[in-house]
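>>> need coordinates for the following:
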Amino acid sequence: MSETTWISVDDYLPEDGKWCWVDWDGGFGGPFPAMRYSGAAGGWTNNDTWEDFGREVSRWSPLPAPPTDAK
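As a prediction, the model looks like this:
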């Protein structure tokens, strides 16, 4: 398994509608999956509670590709 490469939100953001791993400085546990959504107050949301996470998110990473077989 390869190591996750994190991208700072200060460097650039993924396109709208893209699901990513997100993480932040200063707590709350994590990382966790969230979707980049510019319509959310903070710019990130999730499919669980549809909260906005923008001010907390400091870095993101693309989700890995799904498996190609059912093993």
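>>> and the helix or strand bottoming out on mean pLDDT in the chain, what other elements does it pack with?
Taking mean pLDDT, DSSP states H and E as the measure, the chain has strand 44-45 as its least confident helix or strand, at a mean of 83. Judged by 3 or more Cβ pairs under 8 Å, 6 or more residues apart in numbering; DSSP states H and E, the packing partners of strand 44-45 are strand 32-36. Where C-beta positions appear, they are placed from N, C-alpha and C, glycine not excepted.
>>> all strands for the chain, in order.
Counting by DSSP state E, the chain has these strands, from start to end: 7-8, 19-24, 32-36, 44-45, 57-62.
>>> from memory residue 22 sits against residue 42, does it?
No. Counting by Cβ atoms under 8 Å, residue 22 does not reach residue 42; the two are 10.7 Å apart.
>>> end-to-end on stretch 11-23?
For stretch 11-23, the first-to-last residue distance is 15 Å (Cα to Cα, to the nearest Å).
>>> no, scratch that, I was asking about stretch 7-22
Stretch 7-22 has an end-to-end distance of 9 Å (Cα to Cα).
>>> now do it, average pLDDT.
In this model, stretch 7-22 has a mean pLDDT of 93.
>>> flag every buried residue along it.
9, 13, 14, 20, 21, 22 (16 or more other Cβ atoms under 10 Å).
>>> now do stretch 58-71
Using 16+ other Cβ under 10 Å as the burial criterion, the residues of stretch 58-71 that qualify are 59, 60.
>>> need the residues that contact that stretch.
The contact list for stretch 58-71 (Cβ atoms under 8 Å, 6 or more residues apart in numbering) reads 4-9, 13-14, 18-25, 31, 33, 36.
>>> the nearest residue to residue 5 once chain neighbours are set aside bridge partners, please.
Closest residue to residue 5 apart from its sequence neighbours, by Cβ to Cβ, 6 or more residues apart in numbering: residue 61 at 5.9 Å. Residue 61 forms beta bridges with residue 21, as assigned by DSSP bridges.
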